[in-house]
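**Q** Quick one, fold the following:
(one chain, ligands or ions: 1)
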Amino acid sequence: MHVLLIEDDELVASGLISGLEMESFVVDWVTDATSADSAMTTVATDIVILDLGLPDGDGLELMRRWRTRGVNVPVLVLTARDAMADRVTGLDTGADDYVLKPFDLDELTARLRALLRRSAGQASPVIEHGCLRLFPERGEVTLGGVPVTLSRRELLLLDKFLRAGNNLLTEDQLKDALYGMGTDIGSNAVNVHIHHLRQKLGRELIQTVRGMGYRLGPPPAEGPGERS
Ligand code: CA
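**A** Take a look at the predicted model:
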């Protein structure tokens, strides 16, 4: 899951980034409204964490522009404890939730996951594909009820495929899902992770669409014997 973090306080941001990365989020960090605007158009963002006081403008104003443009990605607003008036204004502007500064990281990630679930229209925190089950909150995968160990990037990739359903995913979209903005990675990186996923979950699960990208295939057959 890609988080766009808009926060000009470096101390707050670095704490958040390391905490979120431990929770398997990919974080794109910007420090002002202008960069946030351009990131919103260039990076696939699943959720936004928005500080209201930015050096080049008001976070609420930025969000208002996005909502007017039809950008409907969930936004979690960070606001100072004494700025209660902002909370009311923010609700009108289209924020999805609030966390007061100073915040507890566990609470913040729990709120993020709840927002992501809501925006995906999922009532329960499990994604099923035949006998394959992904529990995004716990970072666990089972195949026919048997746990399968995946690396962090393999989990991110599987999550992306399961949420995409039948839609084609290009290599660039997958790179975006796996790595932060501007990360320099080898051209083969996505390929390698897909190879590992196929080894662990079955060759058919991720289909190559020649010259275009990848797509989720049929669910793996139950039982480890089928996956070799
Ligand atoms: Ca600020």
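**Q** how about the strands in this structure?
**A** 2-6, 26-30, 47-51, 53-54, 57-58, 75-80, 97-101, 127-129, 132-135, 140-143, 146-148, 206-209, 213-216 (DSSP state E).
**Q** contacting residues around the fourth one?
**A** With Cβ atoms under 8 Å, 6 or more residues apart in numbering as the contact definition, strand 53-54 has outside contacts at 6, 8, 31-33, 36, 59, 62, 80. Just so you know, the C-beta spots here come from the backbone N, C-alpha and C atoms, and that holds for glycine as well.
**Q** try the first one
**A** Counting contacts by Cβ under 8 Å, 6+ apart, the residues outside strand 2-6 that touch it are 13, 16-17, 20, 25-33, 36, 39-40, 43-51, 54, 59, 62, 73, 112, 176-177.
**Q** Just the mean pLDDT for the longest helix along the chain, thanks.
**A** As assigned by DSSP state H, the longest helix anywhere in the chain is helix 105-120. Averaging pLDDT along helix 105-120 yields 89.
**Q** Ranking helices and strands of the protein by mean pLDDT, which lands last?
**A** Among the helical and strand segments of the chain, the one scoring lowest on mean pLDDT, DSSP states H and E is helix 84-93, with a mean of 62.
**Q** How about the residues of the chain by the ion?
**A** 8, 51, 53 (Cβ under 5 Å from the ion).
**Q** go with 8 Å
**A** Neighbours of the ion within the chain, by Cβ under 8 Å from the ion: 7-9, 12, 51-55.
**Q** what's around the residue in the chain that the ion sits nearest to, how many residues?
**A** Nearest to the ion, among the residues of the chain, is residue 53, at 3.8 Å (Cβ to the ion). Number of residues near residue 53 (other Cβ atoms under 10 Å) recorded here: 15.
**Q** from the contacts of strand 53-54, which two are the most distant?
**A** 36 and 80 (19.0 Å; Cβ to Cβ).
**Q** Comparing those two, which residue is more hemmed in?
**A** Neighbour totals were compared for residue 36 and residue 80, and residue 36 leads with 26 against 13 (other Cβ under 10 Å).
**Q** Give me the pLDDT value at residue 96.
**A** On the pLDDT scale, residue 96 gets 83.
**Q** Verify the contact between it and residue 74 for me.
**A** Yes: using Cβ atoms under 8 Å, residue 96 is in contact with residue 74, at 4.5 Å.
**Q** Please identify every residue contacting each of the two.
**A** Common neighbours of residue 96 and residue 74 (Cβ under 8 Å, 6+ apart) are 115, 118-119.
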